[in-house]
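Novice: Quick one, what's the 3D model for this:
(one chain, ligands or ions: 1)
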Amino acid sequence: MTSHWPLFLSAHLAKLGLSMSISPKELLYGHTVFPYSTARMGRIETERLARNIIEREGKSLTVLVQSSSVGRGTPKFCQSCVIDDLKQLGETYWHRRHNLPFIQRCSVHGELLLALPLRNTPKGISVTKLPEECTGEEVYKWLPESLSSALMQLSFDCLDGRARQDELAWRREYRRIAEAHGFPRQGTGLSSSSVLASFKSFYGEEFLTSAGLNFDPLAAGAWPILLLRSGYEISTSTPRHLLLHAFLENSSAPSPIRANQPGRKPKSLPKADELLARRVREVIAGLPLGSRITVTELLTRAGGWAVFRHKRVVMPRTSKVVQDFRQTEFSERQAGRRPYWRKRLGLEK
Ligand SMILES: [Zn+2]
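Specialist: Predicted structure coming up:
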């Protein structure tokens, strides 16, 4: 059967179900990424989608395929699972647990997964072979092991239908975690600029771009912040939910940095300088090797561009860090305005 990754079962869902003598519903929940894709939606919405898919014989699966894949991910498999499957089943299959977004290792064997080589097919990826017939390359390790296993756990919870609640309930949960971890507040809510800058340096520009989930931290509607709001009624894909969730659980709260407000004494400046210098150093330390950014971008990510722009003469510590940064290989000034990672990802020659 020719199937469209990552569902592996497309238009013939209902018919196939009959021929396998299990119900279409069992097939959908037990053998496709449907439970993952709908994990952070409510039960009612999920059941409506399931009915829709089963009644239309899988013709409305596109939206689910989109919400269970990110970037230009290719099908992945584990070499030891191939051997085990051949031994136990006499054939191999594409495992759901290997093919969810951000999964780097096999949860059974602990090995790095192998991915099929990227092909330039504009319309997604079709798999016409079984894993036993494929050769793959070890996946690129975007994430540190601890973060990768945290994301794996969250992903498997989704796939297994654990802790299903609707999106607004999840957003409340994210705000609760953010508050419990001491994320800085601004006015009545969380400080967007601090959260976004810190989120970006947590995952790194290169990873977010590869997943197709990069954003402008200065834009009003940057997606991570929408997931922390109460009234925004747009459902967001599971991968975005999980990145935000893992970030909130595993990052340390960013330090609040603000421009001097009226009535504040200027003597707070040395303290702000010290904080900002520290944040800038943290952002630099978090830059993936080979990435290049401008000083403006650097300060923006550290959450202090507005302050630094006007006060740089009286912020000697931050100025020093910025000056050192200009000398490093990360500074875009050194490289012309062409980030190295674009080349590495084959986006530019
Ligand atoms: Zn395995």
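
Novice: For the helix ranked longest in the chain, could you pull out the residues that count as buried?
Specialist: For the chain, the helix with the greatest residue count under DSSP state H is helix 269-286. Buried residues in helix 269-286, counted by 16 or more other Cβ atoms under 10 Å: 272-273, 275-284, 286. In this view, the C-beta of every residue, glycine as well, is placed from N, C-alpha and C.

Novice: next one: it to chain centre, how far?
Specialist: Distance of helix 269-286 from its chain centroid, counting by Cα atoms, centre = their mean, to the nearest Å, is 25 Å.

Novice: Counting by contacts, list what that helix packs against.
Specialist: helix 192-203, helix 295-301, helix 305-311, helix 316-327 (3 or more Cβ pairs under 8 Å, 6 or more residues apart in numbering; DSSP states H and E).

Novice: Put together TSV for the ones you listed, with distance to Phe34 on each row.
Specialist: Converted to TSV, the helices and strands packed on helix 269-286 look like this (distance: least, Cβ to Cβ, whole Å):
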stretch	distance to Phe34
helix 192-203	26
helix 295-301	36
helix 305-311	43
helix 316-327	46
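
Novice: which one of the ones you listed is the most hemmed in?
Specialist: With neighbours taken as mean count of other Cβ atoms under 10 Å, those reach their highest mean count in helix 192-203, at a mean of 23.

Novice: Give me the distance from that helix to the chain's centre.
Specialist: What separates the centre of helix 192-203 from the centre of its chain is 13 Å, taken as Cα atoms, centre = their mean.

Novice: try stretch 146-154
Specialist: On the basis of Cα atoms, centre = their mean, stretch 146-154 sits 11 Å off its chain's mean C-alpha point.

Novice: quick one: is it near the ion?
Specialist: No - with Cβ under 5 Å from the ion as the criterion, the ion is not reached by stretch 146-154; the gap is at least 12.9 Å.

Novice: in that stretch, what counts as buried?
Specialist: Within stretch 146-154, the residues scored as buried using 16+ other Cβ under 10 Å are 147-148, 150-152, 154.

Novice: just for the stretch 151-300 of the chain, where's the confidence low?
Specialist: Counting by pLDDT under 70, the stretch 151-300 of the chain has low-confidence residues at 232-234, 255-268.

Novice: all helices of it, in order?
Specialist: For the stretch 151-300 of the chain, the helices defined by DSSP state H, counting those that start in this stretch occupy 167-180, 192-203, 205-210, 223-226, 238-250, 269-286, 295-301.

Novice: can you list the residues of this protein near the ion?
Specialist: Contact residues (Cβ under 5 Å from the ion) of the chain with the ion: 78, 80-81, 106, 108-109.

Novice: Correct me if wrong, but Ser80 is in a helix.
Specialist: Yes - Ser80: assigned to a helix according to DSSP: H, G, I helix; E, B strand; the rest coil.

Novice: Spell out for me which residue occupies the centre of this protein.
Specialist: Nearest to the geometric centre of the chain sits Leu243, at 4.2 Å (Cα atoms, centre = their mean).

Novice: That one contacts Tyr203, correct?
Specialist: Yes - with contact defined as Cβ atoms under 8 Å, Leu243 counts as touching Tyr203 (6.9 Å).

Novice: how deep is Thr38 tucked in, by neighbour count?
Specialist: 25 (other Cβ atoms under 10 Å).

Novice: What strand or helix carries the nearest residue to it once chain neighbours are set aside?
Specialist: Leaving aside its chain neighbours, Thr38 sits nearest to Thr46 (4.3 Å; criterion: Cβ to Cβ, 6 or more residues apart in numbering). Using DSSP states H and E, Thr46 falls within helix 43-55.

Novice: so for that helix, what's the average pLDDT?
Specialist: Regarding helix 43-55, the rounded mean pLDDT is 87.

Novice: Tell me the buried residues in it?
Specialist: Buried residues in helix 43-55 (16+ other Cβ under 10 Å): 46, 49-50, 53-54.

Novice: For stretch 44-51, what is the distance to the chain centroid?
Specialist: Chain-centre distance of stretch 44-51: 25 Å, with Cα atoms, centre = their mean.

Novice: can you list contacts of it?
Specialist: Residues from elsewhere that reach stretch 44-51, judged by Cβ atoms under 8 Å, 6 or more residues apart in numbering: 25, 28-29, 34, 38, 41, 60, 64, 164, 166, 235.

Novice: Can you tell me which residue of the stretch 151-300 of the chain sits closest to the ion?
Specialist: The stretch 151-300 of the chain approaches the ion most closely through Met152 (12.9 Å), counting by Cβ to the ion.

Novice: so that residue makes contact with Arg105?
Specialist: Yes - contact criterion Cβ under 8 Å: Met152 and Arg105 qualify, at 7.5 Å.
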